[in-house]
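[1] Give me the fold of what follows.
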Amino acid sequence: TINVWTEEALAKAAKDDLGEDKGRVKDDVKALRSWISKSPHLHSIRKDDAYLTMFLRGCKFSLERTKEKLDFHHTVRGNLPTWFDNWAPRQPQLQAILRAGMHLPLRGYDRHGRRVILMRGGVSDPGN
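    Below you'll find the predicted structure:
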């Protein structure tokens, strides 16, 4: 069976594992928007709640760590745009990888709520 988390289970895991506090999230997102507005090199990044909350969760709600991660991510993205371009799953090169069965995204999540990707390096053809 597929392991699908309920909204309640996800909310509990976010609170227990990451220290998420709904009231604090709003304050932290507001603080991040203020910080972004004062950072000229970040003027054009996304500032919506979902995007900033994703970074907060990735840093276990450490505001300073989130600022560092946002800054680093967008600095790398600005300096190395080719790393982030052309990632359309319908692109022929990516379709070839998926068809080869080297990376198989499994349905659902593991018991910790993480997506699982089965990687089979032995099926790759280094000549392609």
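[2] For the rest of this, base every contact and every neighbour count on C-alpha atoms.
    Noted.
[3] Run a quick neighbour tally on L104.
    By the criterion of other Cα atoms under 10 Å, L104 has 15 neighbours.
[4] er, P81 I mean
    So P81, with other Cα under 10 Å, has 12 neighbours.
[5] The one 10 residues further on now?
    For Q91, the number of neighbouring residues by other Cα under 10 Å comes to 10.
[6] Same check on K47?
    Using other Cα under 10 Å: K47 sits among 17 other residues.
[7] Contact partners for the residue nearest the centre of the chain?
    Nearest to the geometric centre of the chain sits M54, at 6.6 Å (Cα atoms, centre = their mean). Residues counted as contacts of M54 (Cα atoms under 8 Å, 6 or more residues apart in numbering): none.
[8] now swap in I45 and tell me
    H74.
[9] what does the model give it for pLDDT?
    Looking at I45, its pLDDT stands at 94.
[10] Repeat that for T1.
    Reported pLDDT for T1: 50.
[11] And for K22?
    83.
[12] And H74, how far from K67?
    Look at H74 and K67: by Cα to Cα, to the nearest Å, they are 11 Å apart.
[13] Residue ranges in this protein under the pLDDT threshold?
    Filtered on pLDDT under 70, the chain yields the residue ranges 1-4, 128.
[14] can you give me the helices in this structure?
    Counting by DSSP state H, the chain has these helices, from start to end: 7-18, 22-37, 49-58, 63-79, 92-100.
[15] would you turn those into JSON lines with distance to R115?
    Below are those laid out as JSON lines (distance: least, Cα to Cα, whole Å):
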{"stretch": "helix 7-18", "distance to R115": "13"}
{"stretch": "helix 22-37", "distance to R115": "24"}
{"stretch": "helix 49-58", "distance to R115": "15"}
{"stretch": "helix 63-79", "distance to R115": "22"}
{"stretch": "helix 92-100", "distance to R115": "17"}
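[16] can you tell which of these is closest to H112?
    With distances scored as Cα to Cα, the stretch of the helices of the chain nearest to H112 is helix 7-18 (8.6 Å).
[17] any idea of the angle that closest one forms with helix 22-37?
    Inter-element angle recorded for helix 7-18 and helix 22-37: 70 degrees (by axes from the mean of the first three to the mean of the last three Cα atoms, to 10 degrees).
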